[in-house]
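*Asks:* pasting the sequence and the predicted model now:
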Amino acid sequence: MVGYESRSSNGCIRTSLEQCEPQKDSNRCFRVRETRNRTSTDLNCLKAKQVLSDLFLPQNYPSCVSQDYLEYQVWDSAQALFSSVCGTLAARATFEGLGVGEQSATVSGATYTWMLKMSSGMIGSIVFAYYQSSSLDAHCKQWRLFADILNDLAMTMAIISPLFSPFTFVMLSCLSSLFHALVGVAGSTTRAALRVHQARDNNMADVCAKDNSQEQLVNLVGLLLGFLVTSMVDFFGQVFVWSLFVMCTCCHLVCNYYAVKCVTMESLNPSRFQTLVNRFWADYRLSSDPTNLTMKSINQSENLFFWKLRRLPRVSIGVPINELHQPIVVSSTASAMFSLGNLTRLDCSQLHISIALSEACSSSDIVRACFVAYSCDMDSTRLKEHFTLYGEEGLTKYMDELESTFPAFQRTLNSCGWKCDDHSLLEVDAWRFSPIR
């Protein structure tokens, strides 16, 4: 097709010359198509739309980001706006507790209180990062939601703190600062993990920059609302403060829940892997092809609250070989050794499986070992029956049967788009064993 465009004083006319199917009496024929006139208003709207896109969206959007990018950013911007209003109310309460506007308040007293707040937050963030940094990637969604819940709790403490004695105010302020520090660590790290998921064209920096621009715009709108809210607080009193705070907090939590819920990640973490294994065996044993292992379905069913993650299998991957206990089963590929220490107990509902990995094992071997371990945990009763009736030989045979099913499981995951050769989020430790020659 050959196109020509002419522009008039009040808009433009685009004329396209298109080739069509030849007729019997001619070799070629052409169709002339003329679009409508575009007024200057239309052109200005297009330019404004392009400017906004350049300001707040990554270059080459939407092909350069994940499919859930827009939905997540809408929910995330909404929650940030509600959080900004709550933050204004919390800041006002903190200043009130520090004695701003009171003649009896001293600058030194406010400084000491502020120093205690800041130091407690710094210490808390260091301790939290020490204990939980390794799980922030694997449980990115859960920590993201946890951080926002903790943020609301911290702001609630800041608002109620002026109602108590000076000593209680200092304690609540320090605890609020501690929670804010934990929110800072969990929130920033999980945000980075989500940006890695969203960037699809080696454009991590661009996605981060535009996400920051969106955040600054929302914060600017939040500041404007903060001016309005602050003036209304002095007029309506504490009833208005609490009513607005409760409403904004509820909206903030709802927006955060749906923001995390809409994220569709292709990587395997313990929660998603457990759901994949359970659903695979449910269909495989019925001699039917697994049809509910799509990324959208699995991500939608993922547990987002930590108290529900207690149901995850107790599997330790990459442990030192001296921590293995009898009975021990070596995988058919000799890339892993399984320790089922609790299997000899009467109650095997709390089966704890430890896996030692060979230094020669690949990423696929690690995922294979996890598949066997999660399958054993899912059907621990049957596992114990094999061990009781046939001893370690029967146990080895049963686990070899599970391992032989892994190629079918792997093909199913590949067909659904999962990164089934990536074990980085399965919480694998770094210990490896090597045979003594």
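*Replies:* Looks like it arrived, so ask away.
*Asks:* okay, now the domains of the protein?
*Replies:* What automatic domain parsing lists as the domains of the chain is 2-38, 69-261, 270-415.
*Asks:* in TSV: those, plus mean neighbour count and distance to residue 425.
*Replies:* C-beta: built from backbone N, CA, C; applies to glycine. Output for the domains of the chain, formatted as TSV (neighbours: other C-beta atoms under 10 Å; distance: least, C-beta to C-beta, whole Å):
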stretch	mean neighbour count	distance to residue 425
domain 2-38	10	49
domain 69-261	17	5
domain 270-415	17	8
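*Asks:* okay if I get those domains as CSV plus distance to residue 428?
*Replies:* Shown next, in CSV, are these (distance: least, C-beta to C-beta, whole Å):
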stretch, distance to residue 428
domain 2-38, 56
domain 69-261, 10
domain 270-415, 5
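*Asks:* what bits of the stretch 1-150 of the chain have low per-residue confidence?
*Replies:* 1-39, 97-107, 109-110 (pLDDT under 70).
*Asks:* try it again with 80
*Replies:* Counting by pLDDT under 80, the stretch 1-150 of the chain contains low-confidence ranges at 1-44, 92-114.
*Asks:* for it, what spans make up the strands?
*Replies:* Along the stretch 1-150 of the chain, the segments classed as strands by DSSP state E, counting those that start in this stretch run 2-8, 11-19, 30-34.
*Asks:* got it, and the stretch 251-400 of the chain?
*Replies:* Going by DSSP E, counting those that start in this stretch, the stretch 251-400 of the chain shows strands at 314-317, 328-330, 336-340, 352-357.
*Asks:* make JSON lines out of those and add distance to residue 253 and mean pLDDT.
*Replies:* Putting the strands of the stretch 251-400 of the chain into JSON lines (distance: least, C-beta to C-beta, whole Å; pLDDT from 0 to 100) gives the following:
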{"stretch": "strand 314-317", "distance to residue 253": "31", "mean pLDDT": "86"}
{"stretch": "strand 328-330", "distance to residue 253": "46", "mean pLDDT": "79"}
{"stretch": "strand 336-340", "distance to residue 253": "41", "mean pLDDT": "80"}
{"stretch": "strand 352-357", "distance to residue 253": "35", "mean pLDDT": "86"}
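*Asks:* per-residue confidence for residue 350?
*Replies:* With respect to pLDDT, residue 350 has a value of 63.
*Asks:* please disregard the earlier target; I meant residue 382.
*Replies:* Listed pLDDT for residue 382 reads 75.
*Asks:* I'd like the distance between it and residue 375.
*Replies:* Separation of residue 382 from residue 375 (C-beta to C-beta, to the nearest Å): 10 Å.
*Asks:* now residue 198
*Replies:* 32 Å.
*Asks:* for residue 265, same thing?
*Replies:* Per C-beta to C-beta, residue 265 is found 22 Å from residue 375.
*Asks:* same check, this time on residue 389
*Replies:* Separation of residue 389 from residue 375 (C-beta to C-beta): 19 Å.
*Asks:* same check on residue 95?
*Replies:* In this structure, residue 95 and residue 375 are 57 Å apart, going by C-beta to C-beta.
*Asks:* and residue 394, by the same measure?
*Replies:* In terms of C-beta to C-beta, residue 394 sits 16 Å off from residue 375.
*Asks:* swap in residue 418?
*Replies:* Taken as C-beta to C-beta, the span from residue 418 to residue 375 is 17 Å.
*Asks:* what does residue 393 give?
*Replies:* From residue 393 across to residue 375, the span is 19 Å (C-beta to C-beta).
*Asks:* go on, residue 312?
*Replies:* For residue 312 relative to residue 375 (C-beta to C-beta), the value is 14 Å.
*Asks:* quick one: mean pLDDT for stretch 430-437?
*Replies:* Mean predicted confidence for stretch 430-437 is 78.
*Asks:* swap in stretch 201-221?
*Replies:* 91.
*Asks:* just the CA trace of it, in PDB.
*Replies:* Provided in PDB are the C-alpha atoms of stretch 201-221 (Å, rounded to 0.1, in the frame of the first residue of the first chain):
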ATOM      1  CA  ASP A 201      12.700  -5.200  27.200                       C
ATOM      2  CA  ASN A 202      15.900  -4.700  29.200                       C
ATOM      3  CA  ASN A 203      14.300  -1.400  30.300                       C
ATOM      4  CA  MET A 204      14.600  -1.800  34.100                       C
ATOM      5  CA  ALA A 205      15.800   1.800  34.500                       C
ATOM      6  CA  ASP A 206      13.100   3.200  32.300                       C
ATOM      7  CA  VAL A 207      10.400   1.400  34.300                       C
ATOM      8  CA  CYS A 208      11.800   2.500  37.600                       C
ATOM      9  CA  ALA A 209      12.000   6.100  36.400                       C
ATOM     10  CA  LYS A 210       8.500   6.300  35.100                       C
ATOM     11  CA  ASP A 211       7.200   4.500  38.300                       C
ATOM     12  CA  ASN A 212       8.900   7.200  40.300                       C
ATOM     13  CA  SER A 213       7.300   9.900  38.100                       C
ATOM     14  CA  GLN A 214       3.900   8.400  38.700                       C
ATOM     15  CA  GLU A 215       4.500   8.200  42.400                       C
ATOM     16  CA  GLN A 216       5.600  11.900  42.500                       C
ATOM     17  CA  LEU A 217       2.400  12.900  40.700                       C
ATOM     18  CA  VAL A 218       0.300  11.000  43.200                       C
ATOM     19  CA  ASN A 219       2.200  12.500  46.100                       C
ATOM     20  CA  LEU A 220       1.700  16.000  44.700                       C
ATOM     21  CA  VAL A 221      -2.100  15.400  44.500                       C
END
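*Asks:* contacts for it?
*Replies:* By C-beta atoms under 8 Å, 6 or more residues apart in numbering, the surrounding residues in contact with stretch 201-221 are 55-60, 63-65, 73, 77, 80-81, 84, 191, 195-196, 198-199.
*Asks:* buried ones in stretch 426-437?
*Replies:* Buried residues in stretch 426-437, counted by 16 or more other C-beta atoms under 10 Å: 426-428, 433.
*Asks:* mind putting those in CSV, secondary structure and distance to residue 45 included?
*Replies:* Formatted as CSV, the buried residues of stretch 426-437 follow (DSSP: H, G, I helix; E, B strand; the rest coil; distance: C-beta to C-beta, whole Å):
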residue, secondary structure, distance to residue 45
426, coil, 49
427, coil, 50
428, strand, 52
433, strand, 65
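*Asks:* including distance to residue 254, could these go into TSV?
*Replies:* Formatted as TSV, the buried residues of stretch 426-437 follow (distance: C-beta to C-beta, whole Å):
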residue	distance to residue 254
426	31
427	30
428	35
433	49
